[in-house]
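In: coordinates for the following, if possible.
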Amino acid sequence: MLFAINEINQREDLLPNTDLGYVIYDSCFTISKAVEGTLTYLTGQDEAVPNYRCGNGPPLATLVGAGGSDLSIATARILGLYHFPQVSYCSTCSALNNKFQFPTFLRTIPNDLHQSRAMAQLVLHFGWTWVGTIAADDDYGKYGIKDFKEQVEEAGVCISFSETLPKVSKPEVIQNIVQTVVESTAKIIVVFSSDVDLSPLIGELLRHNVTNRTWIASEAWVTSALISQSGVRS
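Out: Predicted structure coming up:
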């Protein structure tokens, strides 16, 4: 992003007489930090004061981000009140399609409805009829797995189990999910989750030497370095 902004500012044919600037806030993958950064950005001062701007810098153009869908949902509710545009590069939750709730939210990535349908078509293509599902306890996971289940159940696929990953890792919950996976006869497991939420479960599955399962991944963790770790990819 920084490279692109510098290139645009150096060229005279793209945005003549206009220089782009930026301010970067780290959401730390938490809703509270994302909201704090959004309010600080809007108010123009370190101490966020809603509905008040005291910054005297150049006009704000848009907010780019956040990455996670639950973060973007939180920030989009605030930015919509100010009629301030937000462009996300990675928030795919289909709930963000609702222009009544999120009037100024835009994104450069398809929403999860397309991904859920593609994952369902993959299951149907291989003739799998007994499937387990795991989803993160957030809007990304809930909406994604809901759309997937609707697609496959209409086609006659049965859901062996449907588990929810806690946002704050709880050993007893993770152990219960592992036990469910081990005891289930379903060998196909569909997961809608970020790598952050899935990592504790992956670690516990490795410790229990759970193998002989086919995992169908959503984009939030299939592109993560998590699956390239020793032991995970095998």
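In: okay, the longest helix seen in the chain in CSV with CA atoms only?
Out: Longest helix in the chain by number of residues (criterion: DSSP state H): helix 139-154. In CSV, the C-alpha atoms belonging to helix 139-154 read as follows (Å, rounded to 0.1, in the frame of the first residue of the first chain):
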residue,chain,number,x,y,z
ASP,A,139,-20.2,-13.3,12.2
TYR,A,140,-17.7,-14.6,9.7
GLY,A,141,-18.0,-18.1,11.0
LYS,A,142,-21.7,-18.2,11.7
TYR,A,143,-22.9,-16.7,8.4
GLY,A,144,-20.3,-18.7,6.3
ILE,A,145,-21.2,-22.1,7.8
LYS,A,146,-25.0,-21.3,7.8
ASP,A,147,-24.9,-20.6,4.0
PHE,A,148,-22.8,-23.8,3.5
LYS,A,149,-25.2,-26.0,5.5
GLU,A,150,-28.2,-24.6,3.7
GLN,A,151,-26.7,-25.5,0.3
VAL,A,152,-25.6,-29.1,1.1
GLU,A,153,-28.7,-30.0,3.2
GLU,A,154,-31.0,-29.1,0.3
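In: distance from the chain centre to that helix, please.
Out: Distance, stretch centre to chain centre, for helix 139-154: 15 Å (Cα atoms, centre = their mean, to the nearest Å).
In: against which helices or strands is that helix packed?
Out: helix 69-81, helix 112-125, strand 130-136, strand 158-165, strand 188-192 (3 or more Cβ pairs under 8 Å, 6 or more residues apart in numbering; DSSP states H and E). C-beta: built from backbone N, CA, C; applies to glycine.
In: how about low-confidence regions in this structure?
Out: Scanning the chain for pLDDT under 70 picks out 50-52, 55, 231-234.
In: which residues touch the most centrally placed residue in the chain?
Out: Centroid check for the chain by Cα atoms, centre = their mean gives residue 68 as the closest residue, at 3.6 Å. Residues counted as contacts of residue 68 (Cβ atoms under 8 Å, 6 or more residues apart in numbering) are 27, 29, 90, 91, 138, 140, 194, 220.
In: tell me the buried residues in the helix or strand that contains residue 106?
Out: Residue 106 is part of strand 105-107 when elements are defined by DSSP states H and E. Neighbour-count burial for strand 105-107, counted by 16 or more other Cβ atoms under 10 Å, picks out 105, 107.
In: numbering from 495 from now on, please.
Out: Yep, numbering from 495; the last one is strand 599-601 now.
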